[in-house]
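*Asks:* Mind looking at a prediction? Sequence and model below.
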Amino acid sequence: MMDEHDVISWNSVLSGCSCHGLGWETVELFEQMRRTGIKPNDTTFLIVLIACSHVVLLEKGFEYLNIMKSEDFLASPRMEHYATIVDLFVRTRNLREAEEFIDSLSI
């Protein structure tokens, strides 16, 4: 019912969905947000990565991490973003890939 939506209002809705285990809905809302032209911030990406982790969407999680790294955002991925990707690997029982991912980070 809001007249104008901003990144904060989108983050609130995305976070609510993600916290309640609605991973697919979070991803769909994130895509809708991107279509509206609202630019996601690092918090937005953390929320959607956590949602991907909860429903084990490894490829989608990597897609969003790569978007965050490649497009012109205010902040680069932080430790929290990378930790969520590691969590995705662990949830899919890809421990070797998790280790390789950690070793590839320059942190």
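*Replies:* Received the coordinates, thanks. Residues are numbered from 1 along each chain as shown.

*Asks:* The helix or strand bottoming out on mean pLDDT in the chain: what's the following helix or strand?
*Replies:* Lowest by mean pLDDT, DSSP states H and E among the helices and strands of the chain is helix 58-70, with a mean of 90. Going down the chain from helix 58-70, the next helix or strand is helix 79-91, by DSSP states H and E.

*Asks:* Run through the neighbouring helices and strands of that following helix.
*Replies:* helix 42-54, helix 58-70, helix 95-104 (3 or more CB pairs under 8 Å, 6 or more residues apart in numbering; DSSP states H and E). No exception for glycine: its C-beta is placed from N, CA and C like everyone else's.

*Asks:* The least confident helix or strand of the chain relative to helix 79-91, how many degrees between them?
*Replies:* 160 degrees (axes from the mean of the first three to the mean of the last three CA atoms, to 10 degrees).

*Asks:* check contacts around the residue lying closest to Lys39 once chain neighbours are set aside.
*Replies:* Closest residue in space to Lys39, ignoring its immediate chain neighbours: Val7 at 6.8 Å, by CB to CB, 6 or more residues apart in numbering. By CB atoms under 8 Å, 6 or more residues apart in numbering, the residues touching Val7 are Ile38, Lys39, Pro40, Asn41, Thr44.

*Asks:* Kind regards, and thank you for your time.
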